[in-house]
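**Student:** Next comes the sequence, and after it the predicted model I'd like to discuss.
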Amino acid sequence: MTTIHGYSPSGNCHKLRLLLERLGRPYRWIGTDRSRGATRTPGYLAKNPNGKVPMLEPDDGRVLVAGPRYGIADIALFPYTDAAGDGGFDLSPYPALRDRLARVRATPRFVAMPAPAPENAALIAASR
């Protein structure tokens with residue numbers, strides 16, 4: 001069974017819970033409150049050296065975490081962040097964020113989102 005170590009009020013942790021519920025996949029939730037030091041214990045850090053939540057442990061023994069390398073957070077946030085310009089939000093003042101998006105695009109087996117249909121692109125442009 002998949003185990004999620006997460007903090008319930010965290011949006012990124014909630015995304016995993018929501019996804020597994022929606023897929024009907026059984027999982028075990030371990031409440032992990034970072035503010036109370038739960039992510040700084042030797043046992044937690046042995047699995048997840050960056051000491052953050054969420055940490056996902058599929059039943060195959062892997063450990064998936066958010067961190068400086070491509071991971072869960074990138075998968076969850078990339079589509080929204082990459083489309084920020086479509087909504088009129090300028091990312092030019094955020095070079096670290098632009099660099100992160102570029103690293104995700106350069107990841108092996110990256111799949112780009114298709115461009116909006118022409119009629120949707122026109123609506124997006126008109127809403128700016």
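**Tutor:** Looks like it came in fine.
**Student:** measure residue 119 to residue 87 for me?
**Tutor:** In this view, residue 119 and residue 87 are 17 Å apart by Cβ to Cβ, to the nearest Å. Placement of C-beta: from N, CA and C, glycine included.
**Student:** what's the answer for residue 64, then?
**Tutor:** In this structure, residue 64 and residue 87 are 29 Å apart, going by Cβ to Cβ.
**Student:** residues near residue 57, how many?
**Tutor:** Counted with other Cβ atoms under 10 Å, the neighbours of residue 57 add up to 20.
**Student:** does residue 51 sit in a helix or strand, and which one?
**Tutor:** Assigned by DSSP states H and E, residue 51 belongs to neither a helix nor a strand.
**Student:** Which residue ranges make up each domain of the chain?
**Tutor:** Following automatic domain parsing, one gets these domains for the chain: 2-65, 72-126.
**Student:** Just send those back as CSV, with mean pLDDT too.
**Tutor:** Output for the domains of the chain, formatted as CSV (pLDDT from 0 to 100):
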stretch, mean pLDDT
domain 2-65, 89
domain 72-126, 82
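**Student:** Please work out which of those is packed deepest.
**Tutor:** When these are scored by mean count of other Cβ atoms under 10 Å, the highest mean neighbour count falls to domain 2-65 (a mean of 14).
**Student:** Ends of that one, what's the gap?
**Tutor:** Distance across domain 2-65, first residue to last, is 13 Å (Cα to Cα, to the nearest Å).
**Student:** Can you give the contact residues for the top helix by length along the chain?
**Tutor:** In the chain, with assignment by DSSP state H, the single longest helix is helix 11-23. Helix 11-23 has contacts (Cβ atoms under 8 Å, 6 or more residues apart in numbering) with 2, 4, 6-8, 26-27, 29, 53-54, 56, 66, 72-73, 76.
**Student:** So which of the residues you listed sit within strands?
**Tutor:** Mapping the contacts of helix 11-23 onto strands (DSSP state E) picks out 2, 4, 6, 27, 29, 56.
**Student:** how near is the second one to residue 54?
**Tutor:** This means residue 4. Applying Cβ to Cβ to residue 4 and residue 54 gives a distance of 6 Å.
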